[in-house]
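>>> task: produce atomic coordinates for the following.
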Amino acid sequence: MSQDQQVPTRRAVLGAALASVPLLAAAPSVSAAPNRAEDLLYVGTWGVGQVYAIRFDPVHGTLTPIGSVAQVTSNWVTAHPTHPVLYVAGSEQGGFIRYFGIDKATGGLSLLGEIATESVPAGGGGLSYIGVHHRSQTLLVADFAAGTAVSVPIDRHGQLASPASLVQETGSGPNPRQTGPHPHHVVVDPSERHALVADFGADRAFVHGFDRTTHSLSDGPRTYATAPGSGPRRLVFHPDGSTVYLLNELTAGIETLNWHAEEGLLTQRQILSTNAPGHTGTTSAAELAISRDGRFVYVSNRGDNALVVFSTGRRTGLLTEVQRIPCAGTTPWSFSVHRGGRWLFVANEASNTIDLFGIDPRSGLLTATGTSVPVPKPDSIAFCYR
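Here you go, the predicted structure:
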């Protein structure tokens with residue numbers, strides 16, 4: 001959520017219901033001849049009410065803007081990994097998720113449907129994250145405004161059913177933005193028996209049960225408490241299945257945790273700051289990712305306008321900082337790593353740009369390419385691969 005956004009009032013959400021609001025899907029505003037070697041990037045925009053599309057050639061590292069392809073609030077975007085479907089999380093009351101068919105030839109979007117994840121409107125702020133768990137065909141939803149985590153079944157065509165489950169989080173923190181629970185991320189663990197929720201408002205990582213057959217979340221056995229005022233924002237699992245990295249927004253700290261799947265238990269092993277030495281002013285970490293081989297962890301720091309790279313210990317999983325590099329813009333709200341592992345795209349929200357970085361697969365180090373595409377207030381990036 002925004003660094004300066006006022007926290008909405010906490011509301012209890014008891015169920016899920018369908019609702020509809022006016023929406024106009026737009027055709028691409030810029031035409032460009034497609035290339036069979038190109039992938040598509042879709043960009044959500046914070047407070048702009050648009051989704052933008054960009055073509056990307058991963059061989060040559062070139063970006064070609066398509067333009068606005070949908071008029072819809074877009075707190076977060078994610079794409080189905082195998083179907084040409086884009087999911088867009090809204091900011092308005094109701095917890096709306098719209099899903100669009102992707103025309104790979106033009107990059108255009110066509111509205112397929114929408115669902116609401118709140119039966120009781122929860123005020124401003126809306127959804128903070130949606131992500132696809134591919135093996136169970138489940139869309140995982142973090143509802144910042146309502147203080148809930150929601151699971152939604154995905155059918156064999158990539159379309160959404162009604163929500164299968166909703167869990168209400170509890171708790172608060174000392175920061176004025178932490179007056180109630182505010183989930184920011186939901187991820188299923190490698191055993192597929194648990195779903196972990198990073199809750200910004202409660203200073204907790206909640207561990208819920210997860211049933212991949214019914215796509216359902218349930219009350220979990222454990223919670224992990226961060227230091228008061230930390231503001232947990234993102235969680236990622238190491239490929240070893242027993243190590244978790246937790247990024248805290250308000251303190252810009254990154255924690256290395258042990259994960260015990262049998263007990264659903266997280267225990268801290270390490271905490272490091274992602275701030276630069278001598279940092280002053282706003283403190284705000286935002287995005288977190290791990291390389292496919294688990295050797296490197298990437299973080300965006302909005303207070304320093306930087307990307308930070310850590311190596312992971314081969315046997316311990318503990319982090320060591322290996323690089324700190326300017327993000328090529330201002331306020332790196334999020335970033336996404338291309339599946340080939342050679343490219344990283346940064347959504348620099350305040351400078352209105354998507355900026356491309358190269359990744360050295362052996363060292364993990366980033367290199368600014370100087371390639372950039374203007375997009376107003378970008379907040380998230382999703383890939384549709386060729």
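
>>> I'd guessed Arg135 sits against Glu192; true?
Yes - with contact defined as CB atoms under 8 Å, Arg135 counts as touching Glu192 (6.6 Å). C-betas here are computed from N, CA, C, even on glycine.

>>> joint contacts of these two?
Arg212 (CB atoms under 8 Å, 6 or more residues apart in numbering).

>>> if you count what's nearby, which of these two comes out ahead?
Glu192 (14 against 9; other CB atoms under 10 Å).

>>> and that one, how close does it get to Val51?
30 Å (CB to CB, to the nearest Å).

>>> which residues of the stretch 151-300 of the chain score low on pLDDT?
Across the stretch 151-300 of the chain, not a single residue meets the criterion (pLDDT under 70).

>>> which residue ranges of it form strands?
Assignment of strands within the stretch 151-300 of the chain using DSSP state E, counting those that start in this stretch yields the ranges 165-168, 183-188, 194-199, 204-211, 216-225, 232-237, 243-248, 253-260, 265-273, 285-290, 296-301.

>>> which of those is buried the deepest?
Across those, averaging neighbours per residue (mean count of other CB atoms under 10 Å) puts strand 194-199 on top, at a mean of 28.

>>> what's next to that strand, contact-wise?
140, 142, 149, 151, 167, 169, 171, 181-189, 205-210, 217, 220, 232-235, 244, 246-247, 261, 264, 266.

>>> could you rerun that using 7 Å?
140, 142, 149, 169, 171, 181-189, 205-210, 217, 220, 232-235, 246, 261, 264 (CB atoms under 7 Å, 6 or more residues apart in numbering).

>>> any idea how far His208 is from Gly278?
Counting by CB to CB - His208 and Gly278 are separated by 40 Å.

>>> contact partners for the residue nearest the centre of the chain?
Nearest residue to the geometric centre of the chain (CA atoms, centre = their mean): Tyr129, 5.2 Å. Listed by CB under 7 Å, 6+ apart, the contact set of Tyr129 reads Trp76, Ala142, His184, His185, Val186.

>>> and Ile154, by the same measure?
Applying CB under 7 Å, 6+ apart, the residues near Ile154 are Val132, Gln137, Thr138, Leu139, Leu160.

>>> would you mind naming the residues that bridge with it?
Leu160 (DSSP bridges).

>>> equivalent analysis for Leu366, please.
Beta-bridge partners of Leu366, as defined by DSSP bridges: Ile359.

>>> pLDDT score for it?
With respect to pLDDT, Leu366 scores 98.

>>> and for the one 3 residues further on?
Looking at Thr369, its pLDDT is 98.

>>> so what does it have for phi and psi?
With angles defined as degrees, to the nearest 10, Thr369 sits at phi -90, psi -20.

>>> before we move on, what about Ala306?
phi -140, psi 160.

>>> cool, and Thr214?
Phi and psi for Thr214, reported as degrees, to the nearest 10, are phi -100, psi 0.

>>> gap between His194 and Ala289?
21 Å.

>>> elements contacting the strand or helix carrying Phe100?
Element membership for Phe100, per DSSP states H and E: strand 96-102. Contact here means 3 or more CB pairs under 7 Å, 6 or more residues apart in numbering; DSSP states H and E; on that basis strand 96-102 packs against strand 85-89, strand 109-116.

>>> how many neighbours does Ser191 have?
12.

>>> you'd agree it is up against Glu262?
No - because the distance of 8.6 Å does not satisfy CB atoms under 7 Å, Ser191 is recorded as not touching Glu262.

>>> which SS class is the residue nearest to Ala276 when sequence neighbours are not counted?
Nearest residue to Ala276 in three dimensions, chain neighbours excluded: Asp304, at 5.0 Å (CB to CB, 6 or more residues apart in numbering). Assigned by DSSP: H, G, I helix; E, B strand; the rest coil, the conformation of Asp304 is coil.

>>> quick check: Glu92 touching Gly126?
Yes - using CB under 7 Å, Glu92 is in contact with Gly126, at 6.1 Å.

>>> can you tell me how far Leu257 sits from Val346?
Leu257 is 26 Å from Val346, by CB to CB.

>>> try Leu112
Relative to Val346, and taking CB to CB, Leu112 is found at 29 Å.

>>> give me the more crowded residue out of these two.
A count of neighbours by other CB under 10 Å puts Val346 above the other of Leu112 and Val346, at 27 against 17.

>>> contacts only, for the more buried one.
When contacts are counted by CB under 7 Å, 6+ apart, Val346 touches Ser300, Cys327, Ala328, Gly329, Pro332, Phe335, Asp355, Phe357.

>>> ok, now Ala285?
Going by CB under 7 Å, 6+ apart, Ala285 touches Arg233, Leu247, Asn248, Glu249, Ala252, Thr274, Val299, Asn301.

>>> quick check: closest non-adjacent residue to the first one.
The reference is to Arg233. If the residues on either side of it in the chain are set aside, Arg233 comes closest to Glu249, at 4.1 Å by CB to CB, 6+ apart.

>>> ok, back up a step: residues in contact with the strand holding Phe100: which ones?
The contact list for strand 96-102 (CB under 7 Å, 6+ apart) reads 21, 23, 25, 40, 70, 72, 84-90, 109-117, 130, 159-160, 384.

>>> and stretch 307-317, by the same measure?
238, 240, 243, 256, 274, 294-301, 319-325, 327, 332, 364-366.

>>> now the end-to-end length of it.
One end of stretch 307-317 to the other measures 20 Å (CA to CA, to the nearest Å).

>>> and if you look at stretch 141-158?
End-to-end for stretch 141-158, by CA to CA: 16 Å.

>>> quick one: Ser334 from Tyr245, how far?
In terms of CB to CB, Ser334 sits 16 Å off from Tyr245.

>>> Ala105 now?
39 Å.

>>> could I get the contacts of Ala285 as JSON lines with distance to Gly101?
Listed next are the contacts of Ala285 as JSON lines, based on distance: CB to CB, whole Å:
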{"residue": "Arg233", "distance to Gly101": "31"}
{"residue": "Leu247", "distance to Gly101": "33"}
{"residue": "Asn248", "distance to Gly101": "37"}
{"residue": "Glu249", "distance to Gly101": "34"}
{"residue": "Ala252", "distance to Gly101": "39"}
{"residue": "Thr274", "distance to Gly101": "38"}
{"residue": "Val299", "distance to Gly101": "34"}
{"residue": "Asn301", "distance to Gly101": "36"}
